[in-house]
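> Just a sequence and a predicted model for now, questions to come.
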Amino acid sequence: MTLQSLLFFVFFSGIFSCKSAQTLPVPVPESRPADTTIVDHRFDTDYLMGKFDPASHPDFIQIPPKYRDEEVRYLRKDVLEAFITMFDAAAAEGIHLRIRSATRNFDNQKRIWENKWTGRTILEDNTNAAKDIKDPVARARKILEYSSMPGTSRHHWGTDIDLNAFVNSWFEAGEGLKLYTWMQSNAHKYGFCQPYSAMGSDRHTGYNEEKWHWSWMPVSAVLIQMAEKNLKNGMLGGFQGAETASEIDIVKNYVLGISPACRKN
């Protein structure tokens, strides 16, 4: 074979090889299972501490009147969607779920906390915290039986709701017991859990039991892990009584003082 013939052969062989390579099928990745929840994990410390306005936040939506009491309230869009599915399932069995509290940002929680701190709001057991409890740490601990310090509430996240009533006794008989029993059996199917279970059952620190408080795990489990890593007692401030946070160890004993069942989605 002459040199010219050899070069001609190599040139055209290369062309055909390239065309063959271009026609090879490109692997297509498997699609994500239809039942997998995709969550936006782009949260920062301000979000974690409730330092935003849910009325203008793109991930939040106003709860339609059908699902709440008379007060205008907001939730994350994904949480509301899950709640509506659960609401319909409960209604089919004669159980009416009604949201009594939802997202509360830092300023809203500050108002609740300081009203109790100053005695403008009397505590659940008729205690006037300002008049009856002079020691700041003791006063804070008393308020913390049911109310969070600003910057530490799960209600900041738009994932947590309070249902129907704010006393455990309502959930222990009649309509309330029927509702609570249904939630215990079914809430997990829609992603919800009860973070403040009975003290001493599966947790030993934190707020008193709240049978009305339910949390949507696909997002709140992400945020509790973020709180464990990034939220510090010294970050809390801008409200009366904030100086007690470190001595009480708010993050460890209250933010993280939840049922283990609510730690992982």
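It's in.
> hey, where'd the helices end up in the stretch 101-250 of the chain?
Applying DSSP state H, counting those that start in this stretch to the stretch 101-250 of the chain gives helices spanning 106-117, 129-132, 136-143, 174-186, 217-230, 245-248, 250.
> looking at those helices, which is buried most?
The highest mean neighbour count among these, using mean count of other C-beta atoms under 10 Å, belongs to helix 250: a mean of 25. Just so you know, the C-beta spots here come from the backbone N, C-alpha and C atoms, and that holds for glycine as well.
> Residues touching that one, excluding its own?
144, 149, 152, 233, 236 (C-beta atoms under 8 Å, 6 or more residues apart in numbering).
> Name the nearest of those residues relative to residue 102.
Residue 102 lies nearest to residue 152 out of the contacts of helix 250, by C-beta to C-beta, at 17.1 Å.
> Would you check that that closest one makes contact with residue 251?
Yes: look at residue 152 against residue 251 with C-beta atoms under 8 Å: they come within range, at 7.2 Å.
> so what sits against both of these two?
Listed as contacting both residue 152 and residue 251 by C-beta under 8 Å, 6+ apart are residue 231.
> coming back round to it: pLDDT, neighbour count and distance to residue 121 added to the contacts of helix 250, as JSON lines?
Putting the contacts of helix 250 into JSON lines (pLDDT from 0 to 100; neighbours: other C-beta atoms under 10 Å; distance: C-beta to C-beta, whole Å) gives the following:
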{"residue": "144", "pLDDT": "97", "neighbour count": "23", "distance to residue 121": "14"}
{"residue": "149", "pLDDT": "98", "neighbour count": "25", "distance to residue 121": "15"}
{"residue": "152", "pLDDT": "98", "neighbour count": "24", "distance to residue 121": "18"}
{"residue": "233", "pLDDT": "98", "neighbour count": "18", "distance to residue 121": "24"}
{"residue": "236", "pLDDT": "98", "neighbour count": "21", "distance to residue 121": "20"}
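> I'd like the list of those that fall within strands, please.
Applying DSSP state E to those, no entry is found in strands.
> Switch the residues you listed over to TSV; also include distance to residue 105.
TSV is the format used below for those (distance: C-beta to C-beta, whole Å):
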residue	distance to residue 105
144	19
149	14
152	13
233	20
236	15
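> ok so, going back, who wins for proximity to residue 263 among the helices of the stretch 101-250 of the chain?
Evaluated over the helices of the stretch 101-250 of the chain, closeness to residue 263 peaks at helix 217-230, with 6.2 Å, by C-beta to C-beta.
> Work out the gap between the closest one and the centre of the chain.
8 Å (C-alpha atoms, centre = their mean, to the nearest Å).
> helices and strands around it, which ones?
Helix 217-230 is packed against helix 45-48, helix 77-91, with contacts defined by 3 or more C-beta pairs under 8 Å, 6 or more residues apart in numbering; DSSP states H and E.
> now do 10 Å
When contacts are defined as 3 or more C-beta pairs under 10 Å, 6 or more residues apart in numbering; DSSP states H and E, helix 217-230 packs onto helix 45-48, strand 74-76, helix 77-91, strand 192-193, strand 213-216.
> Now do the longest one, average pLDDT.
Per-residue pLDDT values over helix 77-91 give a mean of 98.
> can you check stretch 53-69 too?
For stretch 53-69, mean pLDDT is 97.
> which residues are contacting it?
For stretch 53-69, the external contacting residues (C-beta atoms under 10 Å, 6 or more residues apart in numbering) are 40, 42-43, 47, 52, 71-81, 83-84, 87, 97-105, 107-108, 156, 158, 161, 164, 219.
> so how far is that stretch off the chain centroid?
With C-alpha atoms, centre = their mean, you get 15 Å for stretch 53-69.
> now do the same end-to-end measure for it.
Taking C-alpha to C-alpha, to the nearest Å, the first and last residues of stretch 53-69 lie 20 Å apart.
> tell me the contacts of residue 213?
Contact analysis of residue 213 by C-beta under 10 Å, 6+ apart lists 101, 146, 154-155, 160-163, 166, 193-197, 207, 258.
> confidence score at residue 138?
So residue 138 comes in at 98 (pLDDT).
> gap between it and residue 150?
19 Å (C-beta to C-beta, to the nearest Å).
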